[in-house]
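> A structural model of the following input is requested.
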Amino acid sequence: MICIVKETEKAVFHERLTAYQKIAAVKEPSSIEKAIKYKNKISAVFLMTGNIMSVKQYVDLFKKEGLPVFVHIEKIGGLSLNNEGLEFIANYVKPLGIVTTKPGLVIKAKKLKLLVIQRVFMIDTEVYKHMIESVDQNGADIIEIMPSRLPHIIQLLSKQINKPLITGGLLSEKAHALEALENGAVAVTTSNLDVWKADLTT
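Numbers count the residues shown, from 1 in each chain. Here you go, the predicted structure:
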């Protein structure tokens, strides 16, 4: 039954990702209600606030509203980034998946049936080359490139890797989002309310 529910949740997420092409990055508790308000304009939520005492409550709020939610595990106060921490997220908090910058956590999270979005900060050519060389061995389901204002890099990577590519960071207006999508990203992540509201299909 658990596997059936998880597969249904994954299907809903991918349908929403195609329909809305934007993910709300929720960085403070005051943004939770705003994300829920615009739930019919966003694909999912990246939860980047809270602690081990509040994270389940936040995740449950989003799930109740039908919003797929991913926990950025490095942003949750008091959470140990080890097997026990991941098991706490997977078995108690129960989001659809996690966001992480740490490659070493990807395989562990996948074993716990979590979808994994690996966030990569594209700071130089060495990072770019390593991404190309390691992506086939990477167990992440989706790669997120930061920042979003690198359209030529997004375009190159979207053609060279066989995984969905999303992007975020420094994305402050609709035009930035459209540029990223036009260059191969399947979605953008942002905390910008104006972008949450925007229709990216026009």
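> distance between the longest strand along the chain and the chain's centre?
Secondary structure of the chain per DSSP state E: the longest strand is strand 115-121. Centroid displacement of strand 115-121 relative to its chain, using Cα atoms, centre = their mean, to the nearest Å, is 7 Å.
> would you mark the buried spots in the following helix or strand past that strand?
Following strand 115-121 in sequence order, the next helix or strand is helix 125-134 (DSSP states H and E). Judged by neighbour count using 16 or more other Cβ atoms under 10 Å, the buried positions of helix 125-134 are 128, 131. Placement of C-beta: from N, CA and C, glycine included.
> hmm, who's touching helix 125-134?
For helix 125-134, contacts defined as Cβ atoms under 8 Å, 6 or more residues apart in numbering pick out 103, 120-122, 143, 153, 157, 160-161.
> among these, name the buried ones.
Here, 16+ other Cβ under 10 Å leaves 120, 122, 143, 153, 157, 161 buried among these.
> strand 115-121 and the lengthiest helix in the chain, what's the angle between them?
Longest helix of the chain, by residue count under DSSP state H: helix 2-20. Angle of helix 2-20 versus strand 115-121, following axes from the mean of the first three to the mean of the last three Cα atoms, to 10 degrees, is 50 degrees.
> just after helix 2-20, pick out the following helix or strand.
Past helix 2-20, further along toward the C-terminus, the next helix or strand under DSSP H and E is strand 22-26.
> just the C-alpha atoms of that next one, please, in CSV.
Taking C-alpha atoms only, strand 22-26 is exported to CSV below (Å, rounded to 0.1, in the frame of the first residue of the first chain):
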residue,chain,number,x,y,z
LYS,A,22,7.6,26.4,-11.1
ILE,A,23,8.4,25.3,-7.5
ALA,A,24,7.8,27.5,-4.5
ALA,A,25,10.9,27.8,-2.3
VAL,A,26,9.4,28.4,1.2
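> show me what whichever helix or strand comes after it is packed up against.
Proceeding N to C from strand 22-26, the next assigned helix or strand is helix 32-37, under DSSP H and E. Counting contacts by 3 or more Cβ pairs under 8 Å, 6 or more residues apart in numbering; DSSP states H and E, helix 32-37 is packed against strand 22-26, helix 55-64, helix 193-197.
> buried residues of the last one, list them for me.
Neighbour-count burial for helix 193-197 flags 195-196 (criterion: 16+ other Cβ under 10 Å).
> quick check: mean pLDDT of it?
In this model, helix 193-197 carries a mean pLDDT of 93.
> what is it packed up against?
With contacts taken as 3+ Cβ pairs under 8 Å, 6+ apart, helix 193-197 sits against strand 22-26, helix 32-37, helix 174-182.
> likewise the longest one?
Other elements packing on helix 55-64 under the criterion 3+ Cβ pairs under 8 Å, 6+ apart are helix 32-37, strand 44-47, strand 69-72.
> deepest-packed of the helices and strands packed on helix 193-197, please.
Stretch with highest mean neighbour count among those: strand 22-26 (a mean of 27; mean count of other Cβ atoms under 10 Å).
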